[in-house]
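Student: model the structure of this input:
(one chain, ligands or ions: 2)
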Amino acid sequence: MTRNQTEGDEEKRGPRVFVEQSGGHPTESGQLAASNSEATVRAAPQPAAHATGDQLNQPADSSPEPAGSFRELGLSAETLAACERAGYTIPTPVQAGLIPRALAGVDVLGQARTGTGKTAAFVLPILERMTQPHRGGGPRALVLVPTRELAVQVRDEFEKLAHGSRVHCVAVYGGKPIKGQIDKLAKHPAVVVGTPGRVLDHMSRGTISFGEVEMLTLDEADRMLDIGFRPDIEKILRRCPESRQTLLLSATVPPPVAKLATRYMRDPEILDFSTHELAVETIVQFYFTVDPTRKFELLERLLQREQPRQVIVFCRTKRGTDKIYERLSRKRSQQSGEEVACIHGDLSQNIRDRVMRQFRDGTVKTLVATDVVGRGIDVSSVSHIINYDIPEFCDDYVHRVGRTGRMGREGVAYTFVAPDEGPQLTRIEMRIERLLKRDEIPGFEAFDRRPKPGPLQVKIGLDGSTSGGEAGQDATAEPAPPKPPSSASLLGKGRTPKRFRRAL
Ligand code: ADP
Ligand code: MG
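Tutor: Numbers count the residues shown, from 1 in each chain. Ligands and ions are numbered 1, 2, ... in the order given. Okay, here's the model as predicted:
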C-alpha cells in the first residue's frame, strides 16, 4: 500500500482518480483505481510548461517551453486580468489541473507539494463563480483554514486576485475583537475565510449563516480533518447546503484522510500533483545529532555558519519557543543586532500579526516558532528551516520544511536529533521516503544513529518497535528502501489516545 492509494471502502463510492500527464493536465484513470486496490495515484515530475520560481526567473535563452497559460483553463477575461495583475503568467501544475475541474463544478481533493500555488488553485475558481449573478446575502464561498495567520494570508491572496472586482472577502479568526468582524459580516461579503473556532462562534451568535454557500474549501485539509478540528468542521459542514461544491487542498493526504474526506464530498475527484518525493527537491535536508543540553550552542554555531537570509527555528512547545527566543535575542543584541522574533499561540493576536508583518517585510530575519506557522505560511525569502525540536508528527516535518523552497527556490532544512530521538528521525525518513544527510559541526556529535557492523543489529520498526536483525551491515551502505507505512500506523492505531495535537 502506498500513501496515495485509494482504499477499499472508497472503491464502492468510486472516487475518480486522476494522474497528471506530462502536459500537466489530468487524465481519468478512475477505472483502474477503482478496480485495483493496489492502484497508486502517481504524478509526473513538474512539467517544464508550468510555473516555478526557477522558471519564472529563467534567462531568455533557456530551453524553450511548451505553451501553458491561464487562458487555457477556462477562466473569464476578468479573472485572467486578475492573474496578470498578480504577476501569474504560467499556471503551476496544481492550478492547471485543478482549476478546470473546479470550474466544471465537481468536488476535488487536490494534493500538491508545499509552495506550489494551491491557494490560487482554489481562489480563482471561487472568484470565477462569484462573477455569476446571485440573489441573496451570502456568503457564497467559505474557506476554512487551521491558523489565524493562514486566514490572513488567504484573505490577502483573495484581495490581490479580486482587486477591482466587487467580490469582498472577510477573514474571521480568533484573538481579534469580534465586533469588527460582525460589522464586516453584516455587509454580506461573498467570501468568508476563517478558522473553525471563530466561525462557530459567529454561527452561534447568528452573525453568519451558511445556507447560501455554493463553494466550500478546506485548505490544509489533512490538518482540518484530524481529530483536533474534525468535530468543529462537522458542525460547520452540517450547516452548509448539500448541493455545495467542496474543494480540499493539502500537501499531505494520508489514505485515512482521503477516505474520510470523501464523506464530506460528492463523487470526488482526487488530483495528485505531488511527485514521488513529499518534500520539494530544491530543499536540501540535513540532520545533526546533538545532546539536548548543547542544542542552543549548536543553533548559534549553525546560524553563524549559514548566515541565513531568513530562517524559521521550530520548537515543540510555547515555553521552549519563548526561551530560545529570549536567549537568541540577548545574544543578537550583543552582536549583530539583527532582529529576532517569536510567535506562538499564547501571544496576543496583535503581537502575532505584527511579527508576521515584520517577518514578511524582512525586518525580522530569525523567527522562533511553534507549528503555528508550520502550515501554509508563504514567505518567499525563507532560506532556512531549523527543527530545533524534531516534530512529533511526520507530516508536520513535511509542512515545516515546506516553509522554504517556495515556488522552485532553494532552501535548506536542518533537524536536531537528540540521542533518544533516532526512531523519530527514522519514521520521518520513512514518511518522506528519503534519507536525511548527516551534517556535523565538530564537537557536537552526540551519537551515531546509523547501524554499525556488529554481531547483532537492531531494526527500528515503523511504530518504533525494535527487533533483532542481520549482522554485518555496513554503516555507510545504502539501507534497504523503507517500507511504506501501513494504514494502521497512518491511522495512528499505535498511538496512545492522548497523543493528540497540542495547541500551538
Ligand atoms: P501552497 O499553498 O501550495 O503552499 P501558495 O499558494 O502559498 O502555495 O503559493 C506559493 C507562492 O507562489 C505564493 O507566493 C504565490 O503568490 C505564488 N504563486 C502562486 N501561483 C503562481 C503562479 N502561477 N505564478 C507565479 N507565482 C505564483
Ligand atoms: Mg497553502
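Student: going forward, measure contacts between C-alpha atoms and count neighbours the same way
Tutor: Will do.
Student: domain assignment for this protein?
Tutor: 18-272, 283-438 (automatic domain parsing).
Student: so which of these gets nearest ligand 1?
Tutor: Evaluated with CA to the nearest ligand atom, the domains of the chain place domain 18-272 nearest to ligand 1, the distance being 3.3 Å.
Student: now that closest one: mean pLDDT?
Tutor: For domain 18-272, mean pLDDT rounds to 82.
Student: number of nearby residues for residue 205?
Tutor: Residue 205: 11 surrounding residues under other CA atoms under 10 Å.
Student: quick revisit: can you lay out the domains of the chain as TSV showing distance to residue 503?
Tutor: Formatted as TSV, the domains of the chain follow (distance: least, CA to CA, whole Å):
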stretch	distance to residue 503
domain 18-272	9
domain 283-438	7
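Student: would you mind giving these as TSV with distance to ligand 1 added?
Tutor: Converted to TSV, the domains of the chain look like this (distance: least, CA to the nearest ligand atom, whole Å):
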stretch	distance to ligand 1
domain 18-272	3
domain 283-438	5
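Student: pull the contacting residues for the nearest residue to residue 290 once chain neighbours are set aside.
Tutor: Distance criterion CA to CA, 6 or more residues apart in numbering; nearest residue to residue 290, sequence neighbours excluded, is residue 446 at 4.6 Å. Residue 446 is in contact with 289-291, 418-419, counting by CA atoms under 8 Å, 6 or more residues apart in numbering.
Student: just checking, residue 417 touches residue 294?
Tutor: No. Residue 417 lies out of contact with residue 294 (CA atoms under 8 Å); the separation is 11.3 Å.
Student: so which of these two has more stuff around it?
Tutor: Shown here are residue 417 and residue 294; by other CA under 10 Å, residue 417 has more neighbours (25 against 13).
Student: roughly how far does the residue nearest to that one when sequence neighbours are not counted sit from residue 416?
Tutor: Excluding the flanking residues, the one nearest residue 417 by CA to CA, 6+ apart is residue 289, at 4.8 Å. Distance, residue 289 to residue 416, using CA to CA, to the nearest Å: 6 Å.
Student: equivalent analysis for residue 351, please.
Tutor: Residue 351 is 28 Å from residue 416, by CA to CA.
Student: who's more crowded, the two?
Tutor: Using other CA under 10 Å as the criterion, residue 351 and residue 416 rank with residue 416 on top: 23 against 13.
Student: and the more buried one, that's in a helix?
Tutor: No. Residue 416 is assigned strand when assessed by DSSP: H, G, I helix; E, B strand; the rest coil, not a helix.
Student: and the gap between it and residue 202?
Tutor: From residue 416 to residue 202 the distance is 41 Å (CA to CA).
Student: make TSV out of the contacts of residue 446 and add pLDDT.
Tutor: Below are those laid out as TSV (pLDDT from 0 to 100):
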residue	pLDDT
289	94
290	94
291	93
418	94
419	91
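Student: nearest to residue 135 among those residues?
Tutor: residue 418 (59.4 Å; CA to CA).
Student: using PDB, write out every CA atom in whichever strand or helix holds residue 329.
Tutor: Using DSSP states H and E, residue 329 falls within helix 318-334. Provided in PDB are the C-alpha atoms of helix 318-334 (Å, rounded to 0.1, in the frame of the first residue of the first chain):
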ATOM      1  CA  LYS A 318       5.400  27.600  23.500                       C
ATOM      2  CA  ARG A 319       7.600  27.600  26.600                       C
ATOM      3  CA  GLY A 320      10.600  26.300  24.700                       C
ATOM      4  CA  THR A 321       9.900  28.900  21.900                       C
ATOM      5  CA  ASP A 322      10.000  31.700  24.400                       C
ATOM      6  CA  LYS A 323      13.200  30.500  26.000                       C
ATOM      7  CA  ILE A 324      15.100  30.100  22.700                       C
ATOM      8  CA  TYR A 325      13.800  33.500  21.500                       C
ATOM      9  CA  GLU A 326      15.000  35.200  24.700                       C
ATOM     10  CA  ARG A 327      18.400  33.600  24.600                       C
ATOM     11  CA  LEU A 328      18.900  34.300  20.900                       C
ATOM     12  CA  SER A 329      17.700  37.900  21.100                       C
ATOM     13  CA  ARG A 330      20.000  38.500  24.100                       C
ATOM     14  CA  LYS A 331      23.000  37.200  22.100                       C
ATOM     15  CA  ARG A 332      22.000  39.000  19.000                       C
ATOM     16  CA  SER A 333      21.600  42.400  20.700                       C
ATOM     17  CA  GLN A 334      25.200  42.000  21.900                       C
END
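Student: for that helix, packing partners?
Tutor: If you count contacts as 3 or more CA pairs under 8 Å, 6 or more residues apart in numbering; DSSP states H and E, helix 318-334 packs onto strand 339-343, strand 364-369.
Student: what's it in contact with?
Tutor: Residues contacting helix 318-334 (CA under 8 Å, 6+ apart): 296, 300, 314-315, 338-346, 368-370, 504.
Student: neighbours of the residue nearest to residue 394 when sequence neighbours are not counted, just the number please.
Tutor: Take residue 394 and drop its neighbours on the chain: the residue closest to it by CA to CA, 6+ apart is residue 428, 5.0 Å away. Using other CA under 10 Å, residue 428 is surrounded by 24 other residues.
Student: gap between residue 428 and residue 217?
Tutor: Relative to residue 217, and taking CA to CA, residue 428 is found at 28 Å.
Student: mind listing what's buried in stretch 130-144?
Tutor: Residues of stretch 130-144 classed as buried by neighbour count (16 or more other CA atoms under 10 Å): 130, 138-144.
Student: quick one: low-confidence residue ranges for the stretch 351-500 of the chain.
Tutor: 447-500 (pLDDT under 70).
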